[in-house]
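> Kindly return the folded structure for what I paste below:
(chains A and B)
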There are 2 protein chains.
Amino acid sequence: MKKVRFNIKGKRSVDLIASDGENLLEAARRAGVMIDSPCSGNATCGKCKVKIESGQVNTEKSRHISEEEMANGIVLSCNATIIEDIEVEVPDLASSFVNEMQITDLSNNENKNIKYVRKKMIKEGMTNASRLWSEIIQLPCPSIEDNSADEDRLKLYFKQNLGYEDIAISLNVIKKLPDAFRKNDFLIEVVYLKRREVAEILDVKPAIGEKSVLYGIALDIGTTSVSACLVDMNTNEILTKASMGNAQVKYGADVINRIVYSEKPGGLENLRHAIVDESINNLIEKMVKTVGITKEDIYEVCAAGNTTMNHLLLGLNPDYLRREPFIPAINDIPEMKCAELGINVNPEGKIYLAPSVASYVGGDITAGVFAVPVWMREDFTMLVDLGTNGEIVFGNKDFLMTCACSAGPAFEGGEISCGTRAVPGAIEQVTINDDDLRPFYNTIGHVSPVGICGSGIIDLICEMKRTGIINGKGRMERDLNHPRIKFDEYGIGQYYLYSKELDNGSKDIYITEIDIDSFIKAKGAVFSAIYILMESLDMPIDVLENIYVAGGIGTNLDITNAIALGMLPDIPVEKYFYIGNSSMQGCYLALTLSEGKDKIREISQNMTYMELSVHPTYMDEFISACFIPHTNMNLFPSLEN
Amino acid sequence: MKKVRFNIKGKRSVDLIASDGENLLEAARRAGVMIDSPCSGNATCGKCKVKIESGQVNTEKSRHISEEEMANGIVLSCNATIIEDIEVEVPDLASSFVNEMQITDLSNNENKNIKYVRKKMIKEGMTNASRLWSEIIQLPCPSIEDNSADEDRLKLYFKQNLGYEDIAISLNVIKKLPDAFRKNDFLIEVVYLKRREVAEILDVKPAIGEKSVLYGIALDIGTTSVSACLVDMNTNEILTKASMGNAQVKYGADVINRIVYSEKPGGLENLRHAIVDESINNLIEKMVKTVGITKEDIYEVCAAGNTTMNHLLLGLNPDYLRREPFIPAINDIPEMKCAELGINVNPEGKIYLAPSVASYVGGDITAGVFAVPVWMREDFTMLVDLGTNGEIVFGNKDFLMTCACSAGPAFEGGEISCGTRAVPGAIEQVTINDDDLRPFYNTIGHVSPVGICGSGIIDLICEMKRTGIINGKGRMERDLNHPRIKFDEYGIGQYYLYSKELDNGSKDIYITEIDIDSFIKAKGAVFSAIYILMESLDMPIDVLENIYVAGGIGTNLDITNAIALGMLPDIPVEKYFYIGNSSMQGCYLALTLSEGKDKIREISQNMTYMELSVHPTYMDEFISACFIPHTNMNLFPSLEN
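Numbers count the residues shown, from 1 in each chain, chains lettered A, B, ... in the order given. You can find the predicted model right below:
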């Protein structure tokens, strides 16, 4: 037994008794100490660095640890074995998660799309109201002659005055009736969900003054990020938005690593706790404070996540999602009480989860298709959602085809040395001077750079290719001899966008050949998925009239550059629309339009899924696409000259 | 602050810090020490005797405490104030509750009625099966081509093979699917409820061998007693029956005293705990052990209780039940998970509670009417349920009228000095010798007498009247000078059925003038209720073709004697049927006939309730009926000579 003390930088210490030979990262997880580990302990991402302050660990050399770092006691925690009592300094990841939490409006694009689509759906016949409603009601006071039970009195009112066949009411609400009715002489406020023939009663209170404002939440549960909007359900106005990293990241960056982790003892519960308590409830807390309301006034949550996220949120065994033939436990999750999942809103509040189509096409995509809205269009439309997984949907109002590919977190800045999500300080646009290879960039919010987000990575690699810094395989030219280009002891090339040395910067921000390789694989996966999907329908690329690009890649995505990299099909850029978080928009629309949820369900049932992982030519197509722009230039006619 | 130690006779001790001047009964309740107190601390019933072993309390003289008892430190705990540190011996009531628990078959009458009614209902078109069902199913194994989610696979099977539009499934069951499906290659057993168009899935397990046996429980929640039958849902056989005192008795013998207690801090929760954990779960535990099954195989509970019992079971504020205009929170309680109420069966098990009609006509009566079955009859039929409350239902297939009266617990042996429920050792039949006034009696089970149950009390009082020991007012003749007749220091007469002195008995069993008075009030309440109900319809008593008498009064109820006492209407005894626990029979029938629950709901909606407590002539009628047999002998023509 060895004593391990984790000193969380600037915060508290955590002590743990570890067994001799225990892995340091696993010991930290046991102790509840958060260490970033996107690759889930495979020593490939290099993000789990910690500093050994006293004592020694067994560790191996790694390309992620410089000699200077090594001398200072920096090790990869996943690559360190405990052999004696130690003290370890770890970065304050938990706080940075909360600090990173964004409170911003939706982007202009997102707002524009929501408004346009909402109007269009109402025009097409959807009811311009949510199903969540409240009503102030004067019930007749009981007497010996009119001695029906409180619940019957309420039921009769709903039947006679509001046209409902019946009411549904849970034990918690029944408990409130006697006192609520009599507090103000049977003048009450009733909060309810308008279901087809049945009103589902969510709350009953004595009516005092005006009708209450009811709130709802649109929630996007991404593998990398979690975002939420707080909506005034009376006006449909988005009052605030917040987002943060998915706290499950500490157990693995992608769904596969998390599924693997879920199989460890307590793993599934840890993952559930991370998404519910550390992520979703954290966001709700923050939004509620910002707007100054109470959680009890939130009665509805419309959420979308991929199939794995749904399984982990519900505590379902996700193991069979990753084993052929890739079967989810459930696609169409029945509505539940938020309380059943541990989500902190009104105890009677409901959560609707957009249904999945398959293991790798989840509710984020069905909600996204609803928002675009592909299902309304006459012309051929595609939705490309660039998250940690890439999902493609193609079709129109008559049919919908879909497939998914594993892109990895590169588009959201994950597994990229200096990658970041699209947060303030993220480098989102890059150009490189032809003459002296000097970079120019813009950051989100025009503040000092903190890292590179997806759109910045695309620009950067595209510019590196254009200026000849890299070749079609993503390898740097060895003979450029430029101060911004360095090669480490393993011979891996790095290009410095921003450096301590050259720019007097506060940190180094660079891209490595390994990063570029990760990106090429990601874009290759997406392009080949699009190609196979179209080919399977015997349709050429140029039938596409609209391509909607969604995901956290960054508002300033340069489509021309993405085409030049061979990431997106070579059709005119006017046909492209970057719409940001389509899944969140779908949730917002489903929250505020009463038939929205049923429509998403209908969409999910009409989507035909194509399993790429067993497709006979997908691997070949993927390999051909792992080149800038592509080994088959016929696919990119506009790039020919 | 005073130290109080409760020594529970033959068991453990409980220590408590009491405040100076605290009431001893209330201190015992705070300490969780059970002391019988039917009158809820009003010093009228004399059942809360305890022995002060050391120290002193402030107490007053009471007719319930003899001088000998007083000398031995016996006090009424409700009448004792703590003034110094004390040790108190209390009887082991909790154990006696469990020991008293009966495991007996239904009586012959009950069995006969159930079989007869069941057959009749099936003949009239009810489905001869419960809605609880299980099925062994071979699902097609998934493949890349057939990659629907586990839940969709199950849904499709139910649609294609069993004709269900949809399935309903809770999160707990969804969690079971992935592993249950794959344990035995998609050969599974599904337990479900057959609802109209939807199968509600309660359990999914890998199928290994034969179909499981599923169990259900019929449960009668009386104010004084709680009874349960464990039923094999495949064969409808009653496997065992158990009953015990309602553990709420320690907080008051009747519903009014319990409602009053519920308003004290923690009172409602104590009452809920007493019925759920101390009574119902106790019975389930016992039955499950007797039959040798596991609780997890019980999937359905059909229960009936009066309106107050339902409120206390659900934790609903019962206060408005006892205040004019006497309004329940709810009559028709939606089906719930047993787990939601804390009832220990399968976590997905459902509980159905028979609906109430009004504050004093509850589910016990609607279930009883279902079982009799009044609602099927052509001729005029009456159900008289003699519980702690007396309820009357009159009608036939065309109409149903009902009313209730407060009889008190006398019919079940409560508030009678030596009263007991109809348990082994209860004196159930009595005759008195004309010449020497010696009693003869039978006990249930032919064992040594332990007390007198309802039917015994009726016989005894009737015989005392016949032999001239008492007059029409229930007063004992003062000049009989008989060893079995004694008068205490307050001048209250007692007749000894069984005594230490005369019969060399192990205890004294007697009846007092106060007991007789309680009984006369109880029978007066019932008879005047019957009278008013018939009078309000302008119908003479002799239209009645059948009178069903239900309740825990005792199998050997002598109807001739009950008529002679003026308790039941004077019609030919052949028209009377004593059917025991009609509420339990209704629960059993609703459990085993799939349309039964809906039928009870329909009955409850068709019942017209008459509120006696505000009826202009009820009080006069009651006073006239408080005489043996009645002040108006025209109502009892057969007794004239």
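> and A:Ile457, how far is that from A:Tyr441?
Distance of A:Ile457 to A:Tyr441, computed by Cβ to Cβ, to the nearest Å: 11 Å. (Each C-beta comes from the backbone N, C-alpha and C, glycine too.)
> More neighbours: which of these two?
Neighbour tally, A:Ile457 and A:Tyr441, criterion other Cβ atoms under 10 Å in any protein chain shown: the higher count belongs to A:Ile457, 31 against 18.
> What residue in the stretch 1-150 of chain A comes nearest to chain B?
Of all residues in the stretch 1-150 of chain A, A:Ala149 sits closest to chain B, at 4.2 Å by Cβ to the nearest Cβ.
> Can stretch A:340-353 be said to contact chain B?
Yes. Judged by Cβ under 8 Å from any Cβ of the partner chain, stretch A:340-353 and chain B are in contact via A:Glu340.
> So for that stretch, first residue to last residue, what's the gap.
13 Å (Cα to Cα, to the nearest Å).
> Work out the gap between that stretch and the centre of the chain.
The chain centroid and the centroid of stretch A:340-353 are separated by 20 Å, computed with Cα atoms, centre = their mean, to the nearest Å.
> Contacts for stretch A:48-61 next, please.
Contacts of stretch A:48-61 with the rest of the structure, by Cβ atoms under 8 Å, 6 or more residues apart in numbering or on different chains, involve A:7, A:24-25, A:28, A:35-37, A:41, A:64-65, A:69-70, A:72-91.
> Find residues that contact each of A:Ile457 and A:Tyr441.
Residues touching both A:Ile457 and A:Tyr441 by Cβ under 8 Å, 6+ apart: none at all.
> Okay, strands next: where are they in the stretch 151-300 of chain A?
Counting by DSSP state E, counting those that start in this stretch, the stretch 151-300 of chain A has strands at residues A:166-169, A:187-194, A:198-206, A:215-221, A:225-232, A:237-245, A:298-305.
> any idea of the mean pLDDT in the shortest one?
What it means is strand A:166-169. For strand A:166-169, mean pLDDT rounds to 97.
> what packs against it?
If contacts are counted by 3 or more Cβ pairs under 8 Å, 6 or more residues apart in numbering or on different chains; DSSP states H and E, strand A:166-169 sits against helix A:150-162, strand A:198-206.
> would you say A:Thr308 is within a helix?
Yes. According to DSSP: H, G, I helix; E, B strand; the rest coil, A:Thr308 belongs to a helix.
> where does it land on pLDDT?
97.
> so it touches A:Val260, yeah?
No. Applying Cβ atoms under 8 Å as the test, A:Thr308 and A:Val260 come out as separate, 11.3 Å apart.
> one step back: show me the contacts of stretch A:48-61 that map onto helices.
Applying DSSP state H to these, the entries found in helices are A:24-25, A:28, A:69-70.
> hmm, which of those residues are the buried ones?
A:24-25, A:28 (16 or more other Cβ atoms under 10 Å in any protein chain shown).
> how about the strands of the stretch 301-450 of chain A, start to end?
Using DSSP E, counting those that start in this stretch, strands in the stretch 301-450 of chain A cover A:336-337, A:350-353, A:381-386, A:389-395, A:400-406, A:426-432, A:439-443.
> Of all those, which one is nearest A:Tyr609?
Of all the strands of the stretch 301-450 of chain A, strand A:400-406 sits nearest to A:Tyr609, with 5.5 Å by Cβ to Cβ.
> So which bits of the closest one are buried?
Neighbour count says strand A:400-406 has A:400-406 buried, by 16+ other Cβ under 10 Å.
> Report the angle between it and strand A:389-395.
160 degrees (axes from the mean of the first three to the mean of the last three Cα atoms, to 10 degrees).
> Hey, what's the angle from strand A:400-406 to strand A:381-386? Just curious.
20 degrees.
> Dump the C-alpha coordinates for strand A:400-406 into PDB.
Below are the C-alpha coordinates for strand A:400-406, written out as PDB (Å, rounded to 0.1, in the frame of the first residue of the first chain):
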ATOM      1  CA  LEU A 400     -34.100   9.800 -45.900                       C
ATOM      2  CA  MET A 401     -30.900   7.800 -46.000                       C
ATOM      3  CA  THR A 402     -28.300   8.000 -43.300                       C
ATOM      4  CA  CYS A 403     -24.900   6.700 -42.300                       C
ATOM      5  CA  ALA A 404     -22.200   7.400 -39.800                       C
ATOM      6  CA  CYS A 405     -18.500   7.300 -39.600                       C
ATOM      7  CA  SER A 406     -16.000   7.600 -36.800                       C
END
